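In: show me how the following folds:
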Amino acid sequence: MKMIKSFAFAAPLVFAALVPAMASAQEFSKELVEKGRYLATASDCVACHTNHADGKPMAGGLPMSSPVGTIMSTNITPSKEFGIGNYTQAQFSDAVRKGVRGDGSNLYPAMPYVSYSVMTDEDIHALYAYFMQGVDPVDEKAPETKLPFPMNIRASIMGWNLLFRPNEVHVDDPSQSAEWNRGKYLAEGAGHCSTCHTPRGAFMQEQKSLNLTGGQVGAWYAPDITNDKVHGIGSWSQQDFVTYLKTGKLENKAQAAGSMAEAISYSFQHLTDGDLNAIVTYVRSVPSANASPASGATRFDNGKAGNDMAAFRGKEYAESLAGNHAGAQIFTANCASCHGYNAQGTRDGYYPSLFHNAATAGDNSINVISAILNGVDRHTDAGHVFMPPFGDQTNAVVQLNNVEVASLSNYLLAQYGNEKLKVTPEDVQVIREGGPKSNIVQLARIGMGAGAAVVVFLLAGLIWYRARRKTLPVPSV
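Out: Residues are numbered from 1 along each chain as shown. Predicted coordinates for the structure are as follows:
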């Protein structure tokens, strides 16, 4: 009888102890997990949260250049020790949509939670199901991010979030089509297009008044993708844009490299045609911030075939490099074997033409420099596109110095692209170091210093006031 009573007393305790384990081992349906997998693909999670050199999927460890320093991506596998395996759905939602980790600390905005904040509860639930049940746990600790003071104090992001993090979930616009609304939801949410293609302000916030008009992304420049016909992609057809998102190239117009190549390799090419068309429909509706003419030459029309070989033919390599045709000589020695001596590319488009090309005809020279230094590496269903780098990498065919890269860039721009642009060795060094740095660290230090000075001043005033009161004569009664 005592045993029965003991069991009756202990049973609720045992059941209560099992409830958390049962909850953490919750089984999600295959359909829900697959929906989450698709949303994770649309969100391009694997591109940042995987070290593609030697890492495991979603295990983090990818170093990402930012204007405030190098940020390391985190382990987001369901590992209970090193990942997010102990996260409740509420904690997962806060991390994705609010930038707050399970331990309550803040994520850096390199994680595009500003964009993900518009995602619906249903989609967050599907993502949670996928990460808990569809991703293999990796019990490895990702390297920690080490930023300079005061950015290393994660609590400092709280103020930034109050100012710049939206708190509204996407709501359809009844005046627009279902396709447009779906496109806006994907482009502004999971696809986080504005994270790269919108310029940043002094505090690294997106300048929404200049939405999708172009922005710096580390060593690369994400160009204007508004409907501007001259500076943007207003001259592209619906099918042109869809083709680019699926293949990473549009003949005689553009080729994806850097972060965009990653987005196409890991995300866009795997989306349905319906979703790609929806994204394109929305993006093509985003107005330009420029007062460009409605017709005329576009940035994809610049340049023509040609070469300067006659100017240095018969001369020794070192002799020609010392002259006015150094860029042409470097091009002939290192680029012409693939792109053609007239820079016309190959007939199948694998090696693109360097004229009628967005990289050489942009509003700045960033992508020309970066393509030379970092190369191109893009994987799609159409195959692997690879251009070797000419920077400091171990797989560089030739390691060009800053003067040589500047000479080559200036030749490409003058001969095949935007001849108004000029590149200096100093410009090359900035890109070699991962792009321009932000003044936000210095501004934060100045702000904290000023705040500390105010506190010291107030304390000094209080001490003086109290000391003065003690020395004042006591009034007689």
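
In: helices of the stretch 351-477 of the chain, start to end?
Out: Ranges of helices within the stretch 351-477 of the chain are 366-374, 402-416, 425-432, 440-471, based on DSSP state H, counting those that start in this stretch.

In: residues contacting residue 278?
Out: Residue 278 makes contact with 179-180, 182-183, 186 under the criterion CB atoms under 8 Å, 6 or more residues apart in numbering. Where C-beta positions appear, they are placed from N, C-alpha and C, glycine not excepted.

In: which ones among these map onto helices?
Out: Members of the contacts of residue 278 lying in helices (criterion: DSSP state H): 179-180, 182-183.

In: may I ask which of these has the most neighbours?
Out: When these are compared by neighbour count (other CB atoms under 10 Å), residue 183 ends up highest, at 25 neighbours.

In: would you confirm that it contacts residue 281?
Out: Yes - contact criterion CB atoms under 8 Å: residue 183 and residue 281 qualify, at 4.9 Å.

In: which residue, other than its chain neighbours, is closest to residue 351?
Out: Nearest-residue entry for residue 351: residue 338, 4.6 Å, with adjacent residues in sequence omitted and distances by CB to CB, 6 or more residues apart in numbering.

In: my read: residue 40 touches residue 128, true?
Out: No - if you go by CB under 8 Å, residue 40 and residue 128 don't touch, sitting 10.5 Å apart.

In: okay, and the common contacts of the two?
Out: What both residue 40 and residue 128 touch, as defined by CB under 8 Å, 6+ apart, is an empty set.

In: buried residues in the helix or strand harbouring the residue nearest to residue 351?
Out: According to DSSP states H and E, residue 338 maps onto helix 336-339. Neighbour-count burial for helix 336-339 flags residue 339 (criterion: 16 or more other CB atoms under 10 Å).

In: using PDB, write down the CA coordinates of that helix.
Out: Extracted as PDB, the C-alpha positions of helix 336-339 are listed here (Å, rounded to 0.1, in the frame of the first residue of the first chain):
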ATOM      1  CA  ALA A 336      43.100  38.400 -72.600                       C
ATOM      2  CA  SER A 337      43.500  34.700 -72.600                       C
ATOM      3  CA  CYS A 338      40.000  34.300 -71.200                       C
ATOM      4  CA  HIS A 339      38.200  37.500 -72.000                       C
END
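
In: who does the host helix or strand of residue 262 touch, helix- and strand-wise?
Out: With elements taken from DSSP H and E, the one containing residue 262 is helix 258-266. If you count contacts as 3 or more CB pairs under 8 Å, 6 or more residues apart in numbering; DSSP states H and E, helix 258-266 packs onto helix 45-48, strand 220-222, helix 238-247, helix 366-374, strand 376-380.

In: the shortest one pairs with which strands, parallel or anti?
Out: What that stands for is strand 220-222. Strand 220-222 has its sheet partners listed here by DSSP bridges as strand 215-217 (antiparallel).

In: list the beta-bridge partners for residue 383.
Out: Assessed by DSSP bridges, residue 383 has beta-bridge partners residue 380.

In: count of neighbours near it?
Out: Neighbour tally, residue 383, other CB under 10 Å: 10.

In: which residue, other than its chain neighbours, is closest to residue 161?
Out: Leaving out its chain neighbours, the residue that sits closest to residue 161 by CB to CB, 6+ apart is residue 99, at 6.4 Å.

In: burial of that neighbour, as a residue count?
Out: Using other CB under 10 Å, residue 99 has 25 other residues around it.

In: now the phi/psi pair for it, please.
Out: Backbone torsions of residue 99, given as degrees, to the nearest 10, read phi 70, psi 30.

In: mind listing what it touches?
Out: Shown in contact with residue 99 (CB under 8 Å, 6+ apart): 106-109, 111, 113-114, 157, 161, 165.
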